[in-house]
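J.: Just need the structure, nothing else, for what follows:
(2 chains)
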Number of protein chains: 2
Amino acid sequence: MTTIESLSRALPADIIITDPDVMERYLHDDAEWAPFEPALAVIRPRSTDQVLAAVTWCIDNRVAVVPRGSGTGLSGGANSLAGSLVISLDAMDRVIDVDPVERTARVQPGVINEHLRTRVAEDGLWYPPDPASAPWSSIGGNVATNAGGLCCVKYGVTGEYVISLEMVTGTGKLVRLGRRTTKDVAGYDLRGLVVGSEGTLGVITEITVRLLPLPPVGTAIVGYFDSLVAAGQGVANVTAAGVIPSALELVDKYCLKAVDDWKNMGLSADAEAILLAATDAPGAAGVEEARTIVEAFEAAGATFAAVSENDEEADAFFAARRLAYPALERLGPVLTEDICVARSKVPEVLARIQQIAQSHDTVIAQIAHAGDGNLHPLLVTPPGDDEARQRAQAAFEEIIAVALEFGGTVSGEHGIGLLKRDGLAAELSPDVIDMHVAVKRALDPHGIMNPGKVFESRPATTSQAASEQL
Amino acid sequence: MTTIESLSRALPADIIITDPDVMERYLHDDAEWAPFEPALAVIRPRSTDQVLAAVTWCIDNRVAVVPRGSGTGLSGGANSLAGSLVISLDAMDRVIDVDPVERTARVQPGVINEHLRTRVAEDGLWYPPDPASAPWSSIGGNVATNAGGLCCVKYGVTGEYVISLEMVTGTGKLVRLGRRTTKDVAGYDLRGLVVGSEGTLGVITEITVRLLPLPPVGTAIVGYFDSLVAAGQGVANVTAAGVIPSALELVDKYCLKAVDDWKNMGLSADAEAILLAATDAPGAAGVEEARTIVEAFEAAGATFAAVSENDEEADAFFAARRLAYPALERLGPVLTEDICVARSKVPEVLARIQQIAQSHDTVIAQIAHAGDGNLHPLLVTPPGDDEARQRAQAAFEEIIAVALEFGGTVSGEHGIGLLKRDGLAAELSPDVIDMHVAVKRALDPHGIMNPGKVFESRPATTSQAASEQL
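T.: Numbers count the residues shown, from 1 in each chain, chains lettered A, B, ... in the order given. The predicted model follows:
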């Protein structure tokens, strides 16, 4: 019996994809130039039982599992490995229930972020985490990468909203991890360990998130700056003023133009960079915060800074921020950075990135969750230009080195995947990498869960695996 | 060379305590009736290097390590094991630095919670986590138990404020875990794994916490109720109204009287239970929230509910809440529960606890972080009455069973330690307990870190330990 025949006996035929043309779109995420290899098959399970059967089959046949959500990742975390079984959770896309009293929602992993937000808004509730990919990315993928977003500066990242999750482990067990109440200290935070683990510890099959009451309608503040560094100083000033805005985004001229060329939104920023801030503090407090932010922008030398009197204008700017990445992708391959540094270092690091763009003759557009110090330099290359690509890759590595030089991290919210394994190894000490390897081996003794992602895992030897088998 | 002689060569003599009379207070925490055994010695290190030397010595000599903060724990987590080395971090009590721009503080583990709060207030900053033990408990202990407090209903638990920590592992490595920036997804959240792990994964030697701007002065709301169940309904009503107060505490008549008899604070609550709420929403929003809370109390049948016009009165009630535990301890041994249930279940669970008090003929005073669903029934027994103690222990187990029956947890914020290991085993599935054992074995292959706390750990066999040695 061939391996595929054996798989076909373990699972319903209609969830298995083996046609190479149909499989192709499931073999990689959105990371430019991250390698991927042909899979044995792709499956699109419709139930937890099917995921469990698939993982059990993979353990028995020593086939690697590559879990994926909707494939909007930017680090190669969901890229297929040779001979692996790709488990796409996109067909498990139901909001199972919403509890307006406890303010929780239970969802399948394939639910699209924005679908969840829309659904819970019907009950006056809010799911804060809002990656720019919210219209396309899945909650399961958001959890696997601990996704951030615009709201993080005030409301935190995905992991802060995950109460519990259900997962099929590397030993083929279906487990429920996390809290059942608003707080607990009942054992290790294995829920938190899985959040951001990029599929290396198991396949998430259900997620319970906590929700907040819908916030008041916010006020937007826009600032124009004639240099990126001045805009960076605006960010540092807002932080120093003790204000926590509900968003604080930076968009440079290059990004605004790319969006405008695509969508004709009538954006006319006569500036090198703009800062987009928002406050959702209620009533007079919001007015006061908005005023403080305007002053912080002006003190940084803004050529124009004001509360946006016009909701449409503010909406257009925030929409442009969200569309920057796809707009640039239209111009050619885009390599996306995701470093994060202390907020006070933002001006200096933005300047260093500009120098790197010059010295490597590479177009680097800049967007940033600036209020978090999370920068997304976007390295744009002309299609088919191999030399430009090599220059961009060198610039990419140098930006990572700058992040580490400034005490920052190589990934604020996109994850390590394949593209930043070297960066992670440089960021963490060898002893901490060893702890990762030990934990992975403990929970995935066969080494079948997305192996080689995030860090070089060394599967346990067969005898160890047997003795460690849970 | 005896073991003690060998220890004396590894560490300075003046940090080693072997006199049984002096050691005694370091051998247990505040948990009533949790067993503890004679230690080999107690050490009070003054530096990370000394902790590292001590752990290395323990690995070489296969001596168990029992880390402790200031010993205010309520589950026996810091209780000494026979022949163990107790490492008391109380002498490492410095606030190393406070960064007002990044809003962080770096502290040694022995810093007392309230000292940190006072120190950062000088910079207009706030460390939110506020266990009732804040005047006496240490940040290291708070982190080890992921301590909660009054603020959690709005501001979350200790773990949400821990950015990074430095730890000596069970393999004798000094590692730094956690973020360097406001957010990251750089590898597994080992920081979060250590938070709440009750010393079973290593000895924490330094902690970096994030801080918030000091919140506006709050408004207090007091409600009087003629039954615990009505007060519980007040809590459920506040939640249902979509308000997130900055505190929502329940104190019963028994606790108020115990505090008043001790401190003569002139508390005169003509009620079976009071609810203490606070809002720190700014300006008009705060006024509105306070009004909503009063209405929620009234709708639950409060005999009196009002915004406290008198700061002294409000302060006295909140002080009484914090003093309830020591006040009751004056009356006899107190066994403290720490269950947490969904907020909507609070009325029903409070009623069940009252039934348990009757059926076991046990005095059960009630305080609760009610807004979190985190209940602290306090089982008070007359000193020296062995039968009363047995009845109280039976009631304790039955309350745990009720928490699980209602889908809650056995520990909201105190930890599992020794007293709740059976409860944890009942709460988590055997597969999840197996994951705990696997993770502990991976990170502590010699099984020397506070073994037997939280769950029954099975150390790796010698050959496994050797092959797994990091």
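J.: Spell out which parts of the stretch 201-350 of chain A neighbour chain B.
T.: Taking CB under 8 Å from any CB of the partner chain as the test, the list of the stretch 201-350 of chain A residues beside chain B reads A:212-213, A:236, A:239-240, A:242-244, A:281-285, A:340-344. C-beta here means a position set from N, CA and C on the backbone, and glycine is covered the same way.
J.: Among those, the buried ones, what's the ChimeraX command?
T.: The following ChimeraX selection, which keeps only the buried ones among these, applies the criterion 16 or more other CB atoms under 10 Å in any protein chain shown:
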select /A:236,239,240,242,243,244,281,282,283,285,340,341,342,343,344
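J.: Tell me, what's the model's pLDDT at the nearest residue in space to A:R46 that is not next to it in sequence?
T.: Nearest in space to A:R46, with sequence neighbours left out and distances taken as CB to CB, 6 or more residues apart in numbering or on different chains, is A:A91 at 5.2 Å. For A:A91, the model assigns a pLDDT of 98.
J.: Report the contact partners of A:A91.
T.: Under the criterion of CB atoms under 8 Å, 6 or more residues apart in numbering or on different chains, the contact list for A:A91 reads A:15, A:44-46, A:110.
J.: Identify, from those, the entry nearest to A:R421.
T.: Closest approach to A:R421 among the contacts of A:A91 (CB to CB): A:G110, at 26.8 Å.
J.: contacting residues around that closest one?
T.: A:G110 is in contact with A:69-70, A:89-93, A:138-140, counting by CB under 8 Å, 6+ apart.
J.: Next, give phi and psi for it.
T.: Listed backbone geometry of A:G110 is phi -80, psi 0, with angles given as degrees, to the nearest 10.
J.: Show the buried residues in the contacts of A:G110.
T.: Burial of those was assessed by neighbour count (16+ other CB under 10 Å); the buried members are A:69-70, A:89-90, A:92-93, A:138-140.
J.: Can you add distance to B:T118 and secondary structure and give these back as JSON lines?
T.: As requested, the buried ones among the contacts of A:G110 are arranged in JSON lines below (distance: CB to CB, whole Å; DSSP: H, G, I helix; E, B strand; the rest coil):
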{"residue": "A:G69", "distance to B:T118": "46", "secondary structure": "coil"}
{"residue": "A:S70", "distance to B:T118": "48", "secondary structure": "coil"}
{"residue": "A:L89", "distance to B:T118": "49", "secondary structure": "coil"}
{"residue": "A:D90", "distance to B:T118": "52", "secondary structure": "coil"}
{"residue": "A:M92", "distance to B:T118": "50", "secondary structure": "coil"}
{"residue": "A:D93", "distance to B:T118": "50", "secondary structure": "coil"}
{"residue": "A:S138", "distance to B:T118": "45", "secondary structure": "strand"}
{"residue": "A:I139", "distance to B:T118": "41", "secondary structure": "helix"}
{"residue": "A:G140", "distance to B:T118": "44", "secondary structure": "helix"}
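J.: residue boundaries of the helices in the stretch 301-450 of chain A?
T.: Listed in chain order, the helices found in the stretch 301-450 of chain A under DSSP state H, counting those that start in this stretch are A:311-329, A:346-359, A:386-405, A:421-427, A:430-443.
J.: Quick check: which of those is buried the most?
T.: Per residue and on average, the most neighbours among the helices of the stretch 301-450 of chain A fall to helix A:430-443, with a mean of 20 (mean count of other CB atoms under 10 Å in any protein chain shown).
J.: What's the end-to-end length of stretch A:164-177?
T.: Stretch A:164-177 has its terminal residues 5 Å apart, counting by CA to CA, to the nearest Å.
J.: typo on my end, stretch A:17-31
T.: Using CA to CA, the end-to-end distance of stretch A:17-31 comes to 23 Å.
J.: one step back: can you add secondary structure and pLDDT and give the contacts of A:A91 back as CSV?
T.: As requested, the contacts of A:A91 are exported to CSV (DSSP: H, G, I helix; E, B strand; the rest coil; pLDDT from 0 to 100):
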residue, secondary structure, pLDDT
A:I15, helix, 98
A:R44, coil, 98
A:P45, coil, 98
A:R46, coil, 98
A:G110, coil, 98
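J.: Now compare those residues and name the two farthest from each other.
T.: By the measure CB to CB, A:I15 and A:G110 form the most distant pair in the contacts of A:A91, at 12.9 Å.
J.: mind listing the helices for the stretch 51-200 of chain A?
T.: For the stretch 51-200 of chain A, the helices defined by DSSP H, counting those that start in this stretch cover A:113-121, A:139-144, A:152-155, A:190-194.
J.: Return the list of helices and strands in contact with the last one.
T.: For helix A:190-194, the contact count by 3 or more CB pairs under 8 Å, 6 or more residues apart in numbering or on different chains; DSSP states H and E identifies strand A:162-169, strand A:174-178, helix B:190-194, helix B:430-443 as packing neighbours.
J.: Pull the number of nearby residues for A:I15.
T.: 18 (other CB atoms under 10 Å in any protein chain shown).
J.: so it touches A:Q50, yeah?
T.: Yes - taking contact to mean CB atoms under 8 Å, the distance of 6.4 Å between A:I15 and A:Q50 places them in contact.
J.: can I get the CA coordinates of stretch A:64-82 in PDB?
T.: This file holds the C-alpha atoms of stretch A:64-82, laid out as PDB (Å, rounded to 0.1, in the frame of the first residue of the first chain):
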ATOM      1  CA  ALA A  64       6.000  15.900   9.100                       C
ATOM      2  CA  VAL A  65       2.900  18.100   9.800                       C
ATOM      3  CA  VAL A  66       2.800  21.600   8.500                       C
ATOM      4  CA  PRO A  67      -0.300  23.500   9.900                       C
ATOM      5  CA  ARG A  68      -1.500  26.600   8.100                       C
ATOM      6  CA  GLY A  69      -4.300  29.100   8.400                       C
ATOM      7  CA  SER A  70      -5.000  31.400   5.500                       C
ATOM      8  CA  GLY A  71      -1.400  31.700   4.400                       C
ATOM      9  CA  THR A  72      -0.900  35.400   5.000                       C
ATOM     10  CA  GLY A  73       2.200  34.900   7.100                       C
ATOM     11  CA  LEU A  74       5.400  36.800   6.200                       C
ATOM     12  CA  SER A  75       8.200  34.500   7.500                       C
ATOM     13  CA  GLY A  76       7.700  31.200   5.800                       C
ATOM     14  CA  GLY A  77       6.300  29.600   8.900                       C
ATOM     15  CA  ALA A  78       3.600  27.700   7.000                       C
ATOM     16  CA  ASN A  79       5.800  26.700   4.100                       C
ATOM     17  CA  SER A  80       5.700  23.100   3.100                       C
ATOM     18  CA  LEU A  81       8.500  20.600   3.800                       C
ATOM     19  CA  ALA A  82       9.500  17.800   1.400                       C
END
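J.: May I see the buried residues of it?
T.: By neighbour count, and taking 16+ other CB under 10 Å as the criterion, the buried residues in stretch A:64-82 are A:64-81.
J.: That stretch near chain B anywhere?
T.: No - using CB under 8 Å from any CB, stretch A:64-82 stays clear of chain B, with a minimum separation of 9.1 Å.
J.: Might you quantify the distance of that stretch from its chain's geometric centre?
T.: Stretch A:64-82 sits 13 Å away from the centroid of its parent chain (CA atoms, centre = their mean, to the nearest Å).
J.: any idea of the mean pLDDT in it?
T.: The predicted model gives stretch A:64-82 an average pLDDT of 97.
J.: Does chain B have contacts with stretch A:140-155?
T.: Yes - remark: stretch A:140-155 sits within contact range of chain B at A:145-146, A:148, A:152-153, by CB under 8 Å from any CB.
J.: my guess is A:G223 meets A:A277, correct?
T.: Yes - distance between A:G223 and A:A277: 7.5 Å, which falls inside the contact criterion (CB under 8 Å).
J.: out of those two, which sits in the busier spot?
T.: Applying other CB under 10 Å to A:G223 and A:A277 shows that A:A277 carries more neighbours, namely 31 against 28.
J.: which residues touch that one?
T.: Taking CB under 8 Å, 6+ apart as the definition, contacts of A:A277 comprise A:220-223, A:238, A:245, A:247-249, A:293, A:297, A:371.
J.: A:T181 now?
T.: A:T181 sits next to B:340-342, B:372-374, B:408-409, B:412 when contact means CB under 8 Å, 6+ apart.
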